[in-house]
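J.: any chance you could fold what I've pasted below:
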Amino acid sequence: MSFHVRAYLRASTDEQHVERAREDLKQFAKEHDVRIAGWYFETESGAKLKRPKLMELIADSEEGDIILVEQIDRLARLTSEDWETLKRLLAEKKLAVVSKELPTSYIAFQRDKRQAGFTDSILKYINDMLLDVLATMARKDYDDRRRRAEQGIRRAKAENRYKGRPKDERKRQLISSSLKDGKSYTEICDAVGCSRYLVSEVAKSLREPAD
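T.: The predicted structure follows:
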């Protein structure tokens, strides 16, 4: 095979969801007779362009490689400007994006099996257009949910019902134990599925003297 397939998973806080998504992509790759050469698990928000694992994936990739995702919103909930920047980064290495939800993207798996022709060019044009549509929809969904959440918070505050987001004590305990074991922030983020900010917050609480 003349290209490598690299799977990108933006990890949820739900570990079962991450494992399910991994198994789904494994099965999907098997059905299309390709092998996943590398896995990249991200804990950063899809609304951010500068994500360490995404940038690592692009850096590791060679010209013509494929990025495999479960859904486009796992890759991009970006502003239009950041989405154009990401597309430019991918285009510089001629990287293709294949998503389970986008059948037209599957043509990337076939490019070493037949001569590229007029039909393939049309399919690529359609696929690129659909990628843009899905990325735009993902960003709109992200903005809509944030706006509804902010409206709900304002309403709850006005009615003196707002108590803030409940802390995930189980996750905090895992982070605390990992810090005491001497693990690095990166190791903890990858293992627990959390942000560096949360690790830093727990680390700070461990340094503070008890009352």
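
J.: tell me where this protein has strands.
T.: Using DSSP state E, the strands of the chain run over residues 5-10, 36-42, 66-69, 96-99.

J.: who does the last one pair with, and is each partner parallel or antiparallel?
T.: If you go by DSSP bridges, strand 96-99 pairs up with strand 66-69 (parallel).

J.: and the partner strand, average pLDDT?
T.: Mean pLDDT, strand 66-69: 92.

J.: what of stretch 39-51?
T.: Mean predicted confidence for stretch 39-51 is 84.

J.: show me what it is in contact with.
T.: Stretch 39-51 is contacted by residues 6-11, 18, 22, 52-54, 56-57, 73-78, 82, 85-86, 138-139, 142, 189-190, 193-195 when judged by C-beta atoms under 8 Å, 6 or more residues apart in numbering. Placement of C-beta: from N, CA and C, glycine included.

J.: break the protein into its domains for me.
T.: Using automatic domain parsing, the domains assigned to the chain come out as 5-139, 169-207.

J.: closest to residue 158 out of those?
T.: Evaluated over these, closeness to residue 158 peaks at domain 5-139, with 27.1 Å, by C-beta to C-beta.

J.: and that closest one, how far out from the chain's middle?
T.: Computed by C-alpha atoms, centre = their mean, to the nearest Å, the chain-centroid distance of domain 5-139 equals 9 Å.
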